[in-house]
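Colleague: what would the 3D arrangement of this be:
(one chain, ligands or ions: 1)
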Amino acid sequence: MRKPVIAGNWKMYKTPKESLAFVDEFLPLVKGHDRDEILLFPTLTSLERVLDATAGTNVHAGAQTMHWLNEGAYTGQTSPTMLLSIGCRQVLLGHSEQRLYLNETFERVNLKLKAAISHGIAPMVCFGELLTEREQMQTEEVLRTQVRTALHNISASEAQRLAIAYEPIWAIGTGITASPEMANEAHEIIRQELAHCCGAETAQNTRILYGGSVKPDNISELMAQEQIDGALVGGASLVAETFAKIVQYK
Ligand code: 13P
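Modeller: Numbers count the residues shown, from 1 in each chain. Purely as a prediction, here's the structure:
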């Protein structure tokens, strides 16, 4: 019912030349694969080239973030209309690295989410708790508050193209993966809160991806969980052969 999504977040890696070399190697490896949606989030300097190089294929690309306004004196920012102008129709919002290092807030994620929806750009919104929050048994409350804040005033019809990534911050880039059961439980909490915000049908239909040290050798057990509808992969998405193995999990 929910088509899985395997997404690669390249973070601040790869020049345009390196990005195109990846695409050249990757496309033949996943040719014809349509069990899962395949998505790449390159840096802004590579995005247009990756969009062009993947046009008409089973691989799609999106931006790692955007501003909510169409233009203005906001140095360093990129607007929804600018993304649309290069053919970009997907965006990652609220990644924990934006929250930890660049003061991103869920109130701003909410503004960005509304802007993405109104421009027909499909948003993938990230949630996840800190290690200290998990240790203090606050995971559930933290996730519920994050979801409520990010999805404030988003209707069921607006949430149609929404995807969510659960990325426990302690599992990102650390080599520590949440156990499949732990991830499944967190996804369940997020789905319940999504039902409160946008209705049961939206909650049923929305893909919730897991992210945090996903590798070829742990993807299958994660994907076997009922509530896990895909993966958002950092480090292991940078090498075409490795990422293709993840896409082709059993
Ligand atoms: P890693 O897969 O490198 O842990 O990164 C996860 C992530 O942050 C994806 O957005």
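Colleague: C-alpha from now on. contacts and neighbour counts both.
Modeller: OK.
Colleague: quick one, strands of the chain?
Modeller: Ranges of strands in the chain, per DSSP state E, are 5-9, 37-41, 59-61, 90-93, 122-127, 163-166, 207-211, 230-233.
Colleague: paired strands for the fifth one, with orientation please.
Modeller: Its sheet considered, strand 122-127 pairs with strand 90-93 (parallel), strand 163-166 (parallel) by DSSP bridges.
Colleague: mind putting these in JSON lines, distance to the ligand, mean neighbour count and mean pLDDT included?
Modeller: Shown next, in JSON lines, are those (distance: least, C-alpha to the nearest ligand atom, whole Å; neighbours: other C-alpha atoms under 10 Å; pLDDT from 0 to 100):
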{"stretch": "strand 90-93", "distance to the ligand": "9", "mean neighbour count": "25", "mean pLDDT": "98"}
{"stretch": "strand 163-166", "distance to the ligand": "8", "mean neighbour count": "24", "mean pLDDT": "98"}
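Colleague: would CSV of the ones you listed with distance to residue 236 be doable?
Modeller: Formatted as CSV, those follow (distance: least, C-alpha to C-alpha, whole Å):
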stretch, distance to residue 236
strand 90-93, 18
strand 163-166, 16
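Colleague: any residues of this protein in contact with the ligand? List them.
Modeller: Contacts of the chain with the ligand, taken as C-alpha under 6 Å from any ligand atom, map to 9, 172-173, 211-214, 232-236.
Colleague: again, 5 Å this time
Modeller: Taking C-alpha under 5 Å from any ligand atom as the contact definition, the chain meets the ligand at 172-173, 212-213, 232-235.
Colleague: can you name the two of the residues you listed that sit furthest apart?
Modeller: Set against one another by C-alpha to C-alpha, the residues of the chain next to the ligand have their most distant pair in 173 and 232, with a gap of 12.0 Å.
Colleague: gap between the residue of the chain most remote from its centre and residue 110?
Modeller: Here the chain reaches farthest from its C-alpha mean at residue 73, the gap being 27.6 Å by C-alpha atoms, centre = their mean. Applying C-alpha to C-alpha, to the nearest Å, the value for residue 73 to residue 110 is 21 Å.
Colleague: can you tell me which of the strands of the chain is packed in deepest?
Modeller: Highest mean neighbour count of the strands of the chain: strand 207-211, a mean of 29 (counted as mean count of other C-alpha atoms under 10 Å).
Colleague: which outside residues touch that strand?
Modeller: By C-alpha atoms under 8 Å, 6 or more residues apart in numbering, the surrounding residues in contact with strand 207-211 are 2-6, 162-168, 171-172, 183, 187, 222, 227-234.
Colleague: if you set the cut-off to 7 Å instead, what comes out?
Modeller: Strand 207-211 has contacts (C-alpha atoms under 7 Å, 6 or more residues apart in numbering) with 2, 163-167, 187, 228-233.
Colleague: could you do stretch 78-96 as well?
Modeller: Applying C-alpha under 7 Å, 6+ apart, the contact partners of stretch 78-96 are 48, 61-71, 104, 106, 109, 116, 119-126, 169.
Colleague: hey, where'd the helices end up in the protein?
Modeller: All helices of the chain, identified by DSSP state H, fall at 16-30, 44-54, 80-85, 96-101, 106-118, 131-135, 139-150, 180-198, 200-205, 219-223, 240-247.
Colleague: looking at these, which is closest to residue 38?
Modeller: Between the helices of the chain, helix 240-247 lies closest to residue 38; by C-alpha to C-alpha that is 7.5 Å.
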